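[1] Pasting the sequence and the predicted model now:
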Amino acid sequence: ISLTSIEISSNGTSGTIGAYLDNQGGGTAKSIVLKDATFDDNNKDGVVILSKGQITWTGGSASGNDSGTGAKISNTSASIARTITISSVDFDENTTTGLSVTSLGNITLGGVTADNNGSDGVDLDNCVYSSSTGACTGTGKIVIQSSTINSFNGNGATGLVAYSSGDITVVNVEANENTMYGLNLRNNYTNAAGNISIKTGDKSTFNEVSGNDDNGVNILTNGSVLVSNVIVNENGGNGILVQNTGSADEDAVTINRIKTLTANNASSIVVTTKGEIKLSYVVDYGDGILLDNTASTNGNGVTILRSKVEGVTGGTGLSVVTNGDVILDSMIANKNKIGVSIDNSTGGNATVKVLDTYSENVFSNNTQTGLLIISNGGVSLAGITAEGNGGDGINVSTDGNLVVADATLYRNSGNGMNATASAGATIRFVNAANNGAASNGDGVYIEVASGSDVAISYSAISGNYGDGIAVSGDASPTLFKTSYFGNDINNTGDKNLNIF
């Protein structure tokens, strides 16, 4: 069947479908090709297409159909997987779903609009789930990609639904103001092995998934995940939720270039996985980020690079829970309840490193602790400013050793630094001043196991409310080129150097 430059519209009899195209009969699979085909304003569905062969539709629309779907397209009767390709077609303002596609093979969309439909904007299914086997019968991939924006806005349910056993790739989309999810992408079925990626064709541009009543981006997969260049604002659930704990290979999750400029109702980003987590270039105002890969049996770690979280007044700006090593590099976490919380204490000797490769790390004006670390392994901190926090500037608890180099700890209401490091502590180039106003806190408090060493050098500890330096566990700490004077500014009997 081939239709070119055809319009079948405004058929108004009750229950009337604009066009019904079916070439499933006979033993040989035949294709269906539509070009510049319009099926608008019909009383029921705009067009129904059924085939055993390939289906291609380029140009046209199926919009404004009164009591049905814009287009229903299926080639699941094929003896082998056949493709469905749709490009430059609009599916807007239909009473139910804009576009419904079911196939055993690849589904490709490009330059598609599905806005203001009564149910989902677009439903794509090439999983074709079998309840008897508990697995997908389809084997194809789903790709939504074009140089122009694919639009799934203002629908009565989800903007874009994609169910597959293969890869799902989404490039250049907006999915805003839908009644459920913006994007709901799933390939976590029993026999599914695909990955999921959301990105743009150009790093300077962004997908937008905002104002949806549930999660903006909802991803369930057994494979790896890439989510890049997405704006998520004012969603009723999380901005982005990723779950791939069913991955047998412990596939990784990569999140980069995400913006939350106005708060979602829950968190900006939630990742639950067995795999390694990499997060970079994320800006979050008001929601918070939760990264959890404690389900890993391989000790996969978490890396956070050049990101900022601010204004999470009811919770933690960035929370990391893992069994693996953590690297935090060039991070800003201000005006939250807790700035950053890292817990890898279930990971044996897993380490925590805070680096200043690109810029200093800033944990300031949080109502409780600026930086909180719980670990059993070594902790190293470099290039940190922790100022004006309502609790401690830095709070570290580890069974390993602690190394701090280049930290400014100023005007925190608790201790400038409160550290328990059983294996010892080495402190260099630390400036701690005017800490402890709310709790008679110390400039630097360090507790180590008996027999472990404390060494402090090239540091200045002065003008704190409690002790300047307080050391427990090492009867003779090493101090080199370090000044500690003018502490106990509230005259309560504290010491400049207190060893106990």
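    Happy to help now that I have it. Everything numeric in this text was worked out from a predicted model, so none of it was measured. Residues are numbered from 1 along each chain as shown.
[2] check contacts around V379.
    351-353, 373, 396, 398, 400-403, 421 (C-beta atoms under 8 Å, 6 or more residues apart in numbering). To be clear about C-beta, it is placed using only N, CA and C from the backbone, and glycine gets the same treatment.
[3] go with 6 Å
    Counting by C-beta atoms under 6 Å, 6 or more residues apart in numbering, V379 touches 352, 373, 396, 398, 402.
[4] do you know how far the last one is from N487?
    The one in question is L402. Per C-beta to C-beta, to the nearest Å, L402 is found 21 Å from N487.
[5] can you check the third one too?
    The span separating V396 from N487 equals 21 Å under the rule C-beta to C-beta.
[6] Give me the more crowded residue out of those two.
    N487 (27 against 24; other C-beta atoms under 10 Å).
[7] what's the pLDDT at the more buried one?
    N487 is assigned 98 on the pLDDT scale.
[8] Isn't it up against G468?
    Yes: N487 is within contact range of G468, at 3.7 Å (criterion: C-beta atoms under 6 Å).
[9] joint contacts of the two?
    N496.
[10] all strands of the stretch 1-150 of the chain, in order?
    Secondary structure of the stretch 1-150 of the chain (DSSP state E, counting those that start in this stretch): strands at 2-7, 19-22, 32-38, 47-50, 55-61, 71-74, 84-90, 99-102, 107-110, 122-125, 129-130, 135-136, 142-144, 150-151.
[11] so can I have TSV of those strands showing distance to A263 and mean pLDDT?
    Shown next, in TSV, are these (distance: least, C-beta to C-beta, whole Å; pLDDT from 0 to 100):
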stretch	distance to A263	mean pLDDT
strand 2-7	45	97
strand 19-22	46	97
strand 32-38	41	98
strand 47-50	41	98
strand 55-61	36	98
strand 71-74	37	98
strand 84-90	32	98
strand 99-102	32	98
strand 107-110	31	98
strand 122-125	28	98
strand 129-130	35	94
strand 135-136	37	96
strand 142-144	28	98
strand 150-151	24	98
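[12] Looking at the ones you listed, which is nearest to T478?
    strand 142-144 (61.4 Å; C-beta to C-beta).
[13] May I have the strands that pair with the closest one, each with its orientation?
    strand 107-110 (parallel), strand 168-171 (parallel) (DSSP bridges).
[14] Let's test this: mean pLDDT of the last one, rounded?
    Right, strand 168-171. 98.
[15] What is the distance between that strand and the centre of its chain?
    16 Å (C-alpha atoms, centre = their mean, to the nearest Å).
[16] which residues are contacting that strand?
    Contacts of strand 168-171 (C-beta under 6 Å, 6+ apart): 142-145, 162, 185, 187, 196-199, 201.
[17] Looking at the residues you listed, which one is closest to L226?
    The closest of those, once distances to L226 are taken by C-beta to C-beta, is S197, at 4.1 Å.
[18] Any figure for the gap between the residue nearest to that closest one when sequence neighbours are not counted and S77?
    Excluding the flanking residues, the one nearest S197 by C-beta to C-beta, 6 or more residues apart in numbering is L226, at 4.1 Å. Going from L226 to S77 by C-beta to C-beta gives 34 Å.
[19] go on, N188?
    26 Å.
[20] pretty sure V217 is touching L183, no?
    Yes: with contact defined as C-beta under 6 Å, V217 and L183 form a contacting pair (5.0 Å).
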